[in-house]
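Colleague: Sequence below, structure please.
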Amino acid sequence: MRKTDKKIDNQIRQVLTQVCEIALNEYSGFEWLTHIVNYSDFPKSLQVICVFDTPYNLNRFMASPENDALSKLIQKKLLSIKVAVDIRQVSYDSEDNHNKKLY
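Modeller: Below you'll find the predicted structure:
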């Protein structure tokens, strides 16, 4: 990872930490978020994954207008550090599903 990539990654982590703190207070069942990025294809490769505790809470969240609000918050916070992302670069998962994908 180049020095500039590390700087950008630190900025991304900082703004996503802010989003996470807000989401923990605002959205029932929200647990954490993470990001994946390939800096050779940045920012198109940036993917933000929001994880909920159960499939039930994830489905309830996805059926509500709140998912647009969280996606837009992520976009806004990333734009504040001059990283423009498409709404399709934000995805949602549940803890159960996310852990199964790791094995």
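
Colleague: residue contacts, residue 91?
Modeller: 47-50 (CB atoms under 8 Å, 6 or more residues apart in numbering). C-beta: built from backbone N, CA, C; applies to glycine.

Colleague: you'd agree it is in a helix?
Modeller: No. If the criterion is DSSP: H, G, I helix; E, B strand; the rest coil, then residue 91 is strand and not within a helix.

Colleague: Which pLDDT does the model give it?
Modeller: With respect to pLDDT, residue 91 scores 96.

Colleague: That one pairs with what?
Modeller: Per DSSP bridges, the residues bridged to residue 91 are residue 49.

Colleague: Please report how far residue 17 lies from residue 72.
Modeller: 18 Å (CB to CB, to the nearest Å).

Colleague: quick one: the spatially most central residue of the chain from residue 22, how far?
Modeller: In the chain, the residue lying closest to the centroid (CA atoms, centre = their mean) is residue 48, at 3.3 Å. Distance, residue 48 to residue 22, using CB to CB: 14 Å.

Colleague: Tell me the buried residues in stretch 40-52?
Modeller: 43, 46, 48, 50-52 (16 or more other CB atoms under 10 Å).

Colleague: from those residues, which has minimum pLDDT?
Modeller: Within those, pLDDT is lowest for residue 43, at 94.

Colleague: Chain neighbours aside, what residue packs nearest to it?
Modeller: Nearest non-adjacent residue to residue 43, counting by CB to CB, 6 or more residues apart in numbering: residue 83, 5.3 Å away.
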